[in-house]
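Enquirer: Fold the following, please.
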Amino acid sequence: MTTVHTSSIQSLPLLARGKVRDNYAVGEDRILMVASDRLSAFDVIMGEPIPGKGEILTQMALWWFDRLGQLCPNHLTGDAPESAVTPEEVPQVTGRSMLVKRLTPIPVEAVVRGYLAGSGWKEYQESRSVCGVPLPEGLTNASKLPRPIFTPAAKAAAGEHDENISYDRVVEIVGPKLAQQIRETSLEIYETAAQIALAKGMIIADTKFEFGLDEAGTLVLMDEVLTPDSSRYWPVEGYQAALSAGTNPPSYDKQFVRDWLEATKINGKPWDKTPPAPRLPAEVIEKTAAKYREALERLTG
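Expert: Numbers count the residues shown, from 1 in each chain. The predicted structure follows:
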């Protein structure tokens with residue numbers, strides 16, 4: 001298995017390097033998305049790759065795209081990513097890439113929460129609401145919400161934090177008709193996926209979707225979907241104990257790295273969450289890789 005921190009496809013024009021994905025133009029109408037093994041935490045990219053991560057993310061996204069197609073069209077073209085590069089470049093794309101339609105991206109992160117966690121829990125404690133959605137009194141960290149809620153965020157420039165916004169702001173950005181379609185589609189995908197995952201012993205606490213429009217103006221699900229990078233996955237065992245204790249449930253995501261970074265001192269002071277990131281020890285890299293592998297195996301096994 002080739003570990004790829006940063007891909008280098010010379011035969012195609014580079015469009016953008018995201019936190020994890022490197023996107024290359026394939027003609028006018030397609031994009032080659034290569035999922036690297038980079039890991040970002042607190043919006044800072046770590047110097048050390050997590051072996052196998054890009055392939056795991058890609059396999060999980062493809063697995064979900066396969067099961068959600070009836071709810072919303074997605075950006076897959078069905079073409080082999082290997083067909084877009086030179087023979088020498090094939091090892092960099094095999095198993096970790098998607099050849100997708102070029103869409104007009106919608107500048108809104110479609111976040112759905114079924115449980116109270118992370119920034120949602122922080123916001124609830126202050127205002128008994130999340131992104132302007134009022135919630136009942138008496139919820140605790142990791143509580144299941146009465147029903148899933150749509151809590152969008154504005155996509156930030158590279159290096160900036162995405163910012164939670166209200167539904168009214170989404171209406172201002174994309175118009176009422178599209179805003180409603182994004183909200184309804186996101187909630188429907190989340191509810192369907194949450195049931196599928198629960199049957200595999202996993203809770204999807206929250207997730208974010210990205211959408212684009214094709215040339216006909218159709219709403220299309222794009223980027224990655226329901227991976228541990230874009231979603232908070234909790235194993236069902238351990239959830240109840242964490243809820244009772246008011247702690248974060250164990251999770252299949254970057255929480256392990258985040259916790260280590262939060263506890264790390266540089267010259268006796270906590271890391272200030274700006275680049276460069278502290279060097280990740282081998283043990284943290286291996287445990288994180290194992291978490292990603294376990295998530296894929298539980299889901300698809």
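
Enquirer: Tally up the residues packed near G52, please.
Expert: 19 (other CB atoms under 10 Å). To be clear about C-beta, it is placed using only N, CA and C from the backbone, and glycine gets the same treatment.

Enquirer: Just the pLDDT for it.
Expert: Listed pLDDT for G52 reads 96.

Enquirer: With P87 instead?
Expert: 97.

Enquirer: Now do the same contact list for the residue nearest in space to the middle of the chain.
Expert: In the chain, the C-alpha nearest the mean C-alpha coordinate belongs to S230, at 1.4 Å (CA atoms, centre = their mean). Counting by CB atoms under 8 Å, 6 or more residues apart in numbering, S230 makes contact with T207, K208, F209, D223, E224.

Enquirer: Quick one: buried ones out of those?
Expert: T207, K208, F209, D223, E224 (16 or more other CB atoms under 10 Å).

Enquirer: nearest to Q255, of the residues you listed?
Expert: Nearest to Q255, judged by CB to CB, of the buried ones among the contacts of S230 is T207 at 14.9 Å.

Enquirer: which among the buried ones among the contacts of S230 gets closest to E163?
Expert: K208 (13.0 Å).

Enquirer: Assign that closest one to helix, strand or coil.
Expert: strand (DSSP: H, G, I helix; E, B strand; the rest coil).

Enquirer: For it, give the beta-bridge partners.
Expert: Under DSSP bridges, the beta-bridge partners of K208 are V111.

Enquirer: Quick check, it in contact with V111.
Expert: Yes. K208 lies in contact with V111 (CB atoms under 8 Å); the separation is 4.6 Å.

Enquirer: Are there residues contacting both of the two? Which ones?
Expert: Here K208 and V111 share the contacting residues A153, scored by CB under 8 Å, 6+ apart.

Enquirer: quick one: low-confidence parts of the stretch 151-300 of the chain?
Expert: The stretch 151-300 of the chain contains residues with pLDDT under 70 at 157-160.

Enquirer: returning to what we had before: a markdown table for the contacts of S230, including distance to A142?
Expert: Shown next, in a markdown table, are the contacts of S230 (distance: CB to CB, whole Å):
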| residue | distance to A142 |
| --- | --- |
| T207 | 16 |
| K208 | 18 |
| F209 | 22 |
| D223 | 27 |
| E224 | 24 |
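
Enquirer: Most widely separated two among the residues you listed?
Expert: T207 and D223 (12.0 Å).

Enquirer: quick one: the helices in this structure?
Expert: For the chain, the helices defined by DSSP state H cover 53-68, 90-93, 118-127, 167-174, 176-199, 239-245, 255-263, 282-300.
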